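Engineer: Quick one, fold the following:
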Amino acid sequence: MTRYSILKPGYNCWRVEHARRVSFLIDAAAYYKAFRASAARSRHSILMLGWDIDSRVKLVRDEDPGELPNTLCDYLNALASRHGGPHAYILTWDFAMLYALDREWLPLYKLDWRTHRHLQFRMDDKHPPGGSHHQKVVVVDDAVGFVGGMDFTHAHWDTPEHRPDDPRRVEVPGKPPCRPFHDVQVLVEGDVARALGDLVRERWQRATGRHLAPTPATISAEAWPAYLQADVTNVAVAIARTDPMYDGRPEVREVELLYRDAIGAARRYIYLENQFFTANAIVAALAARLSETDGPEIVLVLAQRTDGWLSQQTMDVLRSRMIYRLRQADRHGRLRVYYPDLPGLEPNCINVHSKVMIVDDEFVRVGSANLNNRSMGIDTECDLAFEASGEEAVRRGIRGFRDRLLGEHLGFEPAQVAAVVAQRGGLIAGIESLRGGGRTLREFQVPSPEQMTSWLPDAELLDPERPIDPDKLADEFVPPDERVPAHRRLMLGFGILIALLGLAAAWRWTPLGEWLDVDVLSDYIAAFRGSPSAPFVVIGAFLLGGLLVVPVTLLVVVTALAFGPIQGFVYSLIGSTLSAVMIYAAGNALGRNTVRRLAGSRLNRLSKRLGERGIITITVLRMLPVAPFSVVNLVAGASHIRFWDFTIGTVLGLLPGIVAINFFVDRVGATFQKPGLGSALALAAIVIVIALGAIWLRRWAMKRGGSHTAVSAGT
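Structural biologist: Sure thing, here's the model as predicted:
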């Protein structure tokens, strides 16, 4: 029987602590119910980390919730309001504007300002540019902890049946059910839960500057849900993290190291479920094992398609390249890549959001880390893992978890899966004998290399492994033989420095400085509100701002404050688009040779590839803070990106940010200044108009992009 030791505290994991009980919670119906039962028994604290949260999420949907409220916010508030009730602390990512339309509005107001003082909500912005807070951890009384891939948010609830028409997945009355959603959370009890509490408290102090006290040892907490049976008992559980280098903190890459060590230790099989599959280091490690003569079988379970047209046109294409790379390395036929399917799903598919790894019935891990580069080095992550270490009871629990997952995907009872895999003598042989019609696992098809064109920006832009250093980025794009000679670089730097100092002095000691004050700008522009010249004044401000490299976000905020959400949206979209076109024209006048001379041949070759798919490229660049607005426009004009592709991509990319800013400004104003039915109706009208426009733009962009890029079978 295979026996090895993978876990190494201080290297591929943070700490290894004892767990009295462990239970695998498959899909959100099981997780939400267990959390509700555990939180109800809390006596001291409920600590929550998440990538996203929605105060309106219903915790149970197939049984009577009892006396306590059923929505997340009301439930936590009721617990915190009880005499002797717990203090609840919720920390989520201070998300990028790109996700604003997908998130609940004013979570701080709903989860903090209008709730009991014992319920506190904060948003974490202590991460490097482009990074996110992605850990999904809940700790109750330092007695039990939940870790996995699930947040308490919109469209995550589902059961293992994943019924296509399940009315319990209807989030908005009158709308069809949300897409079936598969995910896994693990529940642990004991010392490992207290260690998870330490992790959450450290994150809270980092984000807020406030220290939270641990649960006193005098409190005998019994927070394990009374109805829930453990899958494994008395086992040492490791906590593995990703924590990027930021604000003087060293980089932590335990998640990546643990993946690589587990892949290297495998003897019979590696089973992986994940939302993404674009991590270079992990793909390289898997490819190396596939090239071995006696290496392990490798089974990947992924979603047929990820969520959203932008992800499908970017991350799914990168994923297809990685799968093709593995199949090229699979010389001995030991690789299978599947997606779960069941009748009646079309045109939807099951959203595989889980982050699971099982090796040889000996090792298991569940957590928040995706198999993409971001989760290895730029986003904060937390996974739990443990080994059998010769204990047959633990090995049986790991194997049972594997059989439950495969039974869900294949439409069989776990015992049937176990029997067939044992009879056939291998994981792949067992799966293949159970695959068929109806509910099943279907083999993933990827495009040919000719179909996987190079129109995408480099993976380092879409899925970076580390925070991008501007100096290193410049070194990467400018070859040594094309860099400016030292004396010319010194003169150029001196000239730029003088210009910047002069501009800074002008903003500081002349009336020009007043123009960058939001209140002054708002008052000035508001004076023209009723004038026929108002649109021209605002558009002129955007054009001038583009020339002076004034942040376009500042101009959008000022316009929203001065003219309100409807006019502010229209003026901002027109003004920023015209400003972009104007700078694009200036770049076009400079010519492509200037780009080659200033940025090197590599950027010029990249601009040719991007020019083939300019709309999607510009859309991505608008949504990601790659470079200042005016700089992107100038480079695009001097590159191979066509004018109409640039203009349409600019509009598509600007829409989410401009809409989000106008919504935010309007909602804050309506909430604190003029609450009432009128503001709500006005907001509803804006939402309808924007939604219709977004639907049309999305369909147009997908039609434009889909003819060249096949992402998976059935598309």
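
Engineer: Low-confidence ranges, the chain, go.
Structural biologist: 1-3, 95-110, 308-311, 313, 448-463, 467-531, 547-551, 590-635, 638-640, 663-715 (pLDDT under 70).

Engineer: the longest helix in it is where?
Structural biologist: helix 552-590 (DSSP state H).

Engineer: Now do the buried residues in that helix.
Structural biologist: Of the residues in helix 552-590, 552-553, 555-565, 567-573, 575-584, 586-588 count as buried by neighbour count, 16 or more other Cβ atoms under 10 Å. The C-beta positions use only the backbone N, C-alpha and C, and glycine is treated the same way.

Engineer: How about stretch 53-64?
Structural biologist: 53-55, 57, 59-61.

Engineer: Neighbours of Tyr31, how many?
Structural biologist: Neighbourhood size, Tyr31 [other Cβ atoms under 10 Å]: 25.

Engineer: Name the secondary structure element that contains it.
Structural biologist: Tyr31 belongs to helix 28-40 when assigned by DSSP states H and E.

Engineer: from the chain's centre, how far out does that helix sit?
Structural biologist: 23 Å (Cα atoms, centre = their mean, to the nearest Å).

Engineer: Summarise which helices and strands it is packed against.
Structural biologist: strand 15-26, helix 72-81, strand 137-140, strand 144-148, strand 184-190 (3 or more Cβ pairs under 8 Å, 6 or more residues apart in numbering; DSSP states H and E).

Engineer: can you state the direction angle for that helix and strand 184-190?
Structural biologist: 30 degrees (axes from the mean of the first three to the mean of the last three Cα atoms, to 10 degrees).

Engineer: can you list contacts of helix 28-40?
Structural biologist: With Cβ atoms under 8 Å, 6 or more residues apart in numbering as the test, helix 28-40 has contacts from 23, 25, 46, 57, 59-62, 65, 68, 75-76, 79, 86, 138, 140, 144, 146, 148, 150, 152, 156-159, 181, 183, 185, 187, 223-228.

Engineer: can you do 6 Å?
Structural biologist: 25, 46, 59-60, 140, 144, 150, 156-159, 185, 187, 223, 225, 228 (Cβ atoms under 6 Å, 6 or more residues apart in numbering).

Engineer: Next, the angle from it to strand 15-26.
Structural biologist: Interaxial angle, helix 28-40 versus strand 15-26 (the same axes, to 10 degrees): 120 degrees.

Engineer: Direction-wise, compare helix 28-40 with helix 72-81 and give the angle.
Structural biologist: Using the same axes, to 10 degrees: helix 28-40 against helix 72-81 is 20 degrees.

Engineer: What are the buried residues along helix 28-40?
Structural biologist: 28-40.

Engineer: any idea which of the residues you listed is closest to Ile323?
Structural biologist: Ala28 (27.3 Å; Cβ to Cβ).

Engineer: Now do the closest one against His156, distance only.
Structural biologist: 5 Å (Cβ to Cβ, to the nearest Å).

Engineer: Closest one of the buried residues of helix 28-40 to Asp261?
Structural biologist: Nearest to Asp261 among these, counting by Cβ to Cβ, is Tyr31 at 27.9 Å.

Engineer: ok, that closest one to Ser375 distance?
Structural biologist: From Tyr31 to Ser375 the distance is 20 Å (Cβ to Cβ).

Engineer: for Arg642, same thing?
Structural biologist: 35 Å.

Engineer: Please identify which of the two sits among more neighbours.
Structural biologist: Taking other Cβ under 10 Å, Arg642 and Ser375 do not tie; Ser375 has more neighbours (30 against 15).

Engineer: residue contacts, that one?
Structural biologist: 369, 381 are the contacts of Ser375 under Cβ under 6 Å, 6+ apart.

Engineer: How far does the strand or helix carrying it sit from its chain's centre?
Structural biologist: Taking DSSP H and E as the definition, Ser375 sits inside helix 373-377. Distance, stretch centre to chain centre, for helix 373-377: 11 Å (Cα atoms, centre = their mean).

Engineer: Please apply the same query to stretch 208-225.
Structural biologist: A distance of 29 Å separates the centroid of the chain from that of stretch 208-225, by Cα atoms, centre = their mean.

Engineer: Contacts for that stretch next, please.
Structural biologist: 34, 37-38, 41, 43-44, 122, 140-144, 189, 197, 201, 204-205.

Engineer: how long is it end to end?
Structural biologist: In terms of Cα to Cα, to the nearest Å, the two terminal residues of stretch 208-225 are separated by 31 Å.

Engineer: List the buried residues in that stretch.
Structural biologist: Quick answer for stretch 208-225 (16+ other Cβ under 10 Å): 208, 212, 215, 221, 223-225.

Engineer: if we can go back for a sec, tell me what the longest helix of the chain is packed against?
Structural biologist: On a contact count with 3 or more Cβ pairs under 6 Å, 6 or more residues apart in numbering; DSSP states H and E, helix 552-590 meets helix 518-526, helix 534-547, helix 629-638, helix 643-672.

Engineer: give me that answer again for 8 Å
Structural biologist: helix 518-526, helix 534-547, helix 629-638, helix 643-672, helix 677-706.

Engineer: I'd guessed Ala207 sits against Asp125; true?
Structural biologist: Yes. At 7.5 Å, Ala207 and Asp125 qualify as touching, with contact defined as Cβ atoms under 8 Å.

Engineer: who's more crowded, the two?
Structural biologist: Using other Cβ under 10 Å as the criterion, Ala207 and Asp125 rank with Ala207 on top: 19 against 10.

Engineer: For that one, which three-state class applies?
Structural biologist: helix (DSSP: H, G, I helix; E, B strand; the rest coil).

Engineer: Please name the nearest non-neighbouring residue to it.
Structural biologist: Sequence neighbours aside, Asp124 is the residue nearest to Ala207 in space, at 4.1 Å (criterion: Cβ to Cβ, 6 or more residues apart in numbering).

Engineer: List the residues that contact that neighbour.
Structural biologist: Residues near Asp124 by Cβ under 8 Å, 6+ apart: 91-94, 133, 203, 206-207.

Engineer: Buried subset of these as a ChimeraX selection?
Structural biologist: Typed into ChimeraX, the line below selects the buried ones among these, using 16+ other Cβ under 10 Å:
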select :91,92,93,133,203,206,207
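
Engineer: Sort out for me which of the contacts of Asp124 are in strands.
Structural biologist: 91-93 (DSSP state E).

Engineer: quick one: contacts of stretch 64-82?
Structural biologist: Contacts for stretch 64-82 (Cβ under 8 Å, 6+ apart): 36, 39-40, 42, 46, 53-60, 85-88, 90, 110-111, 115-116, 118-119, 152.

Engineer: picking up where we left off before, columns distance to Ser433 on top of the buried residues of helix 28-40, output as JSON lines?
Structural biologist: JSON lines is the format used below for the buried residues of helix 28-40 (distance: Cβ to Cβ, whole Å):
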{"residue": "Ala28", "distance to Ser433": "30"}
{"residue": "Ala29", "distance to Ser433": "30"}
{"residue": "Ala30", "distance to Ser433": "28"}
{"residue": "Tyr31", "distance to Ser433": "31"}
{"residue": "Tyr32", "distance to Ser433": "35"}
{"residue": "Lys33", "distance to Ser433": "34"}
{"residue": "Ala34", "distance to Ser433": "34"}
{"residue": "Phe35", "distance to Ser433": "37"}
{"residue": "Arg36", "distance to Ser433": "39"}
{"residue": "Ala37", "distance to Ser433": "38"}
{"residue": "Ser38", "distance to Ser433": "39"}
{"residue": "Ala39", "distance to Ser433": "43"}
{"residue": "Ala40", "distance to Ser433": "44"}
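
Engineer: Let's verify Leu49: helix, strand, or coil?
Structural biologist: Here Leu49 is recorded as strand under three-state DSSP.

Engineer: Is Glu465 in contact with Asp379, as I believe?
Structural biologist: No. Counting by Cβ under 8 Å, Glu465 does not reach Asp379; the two are 10.7 Å apart.
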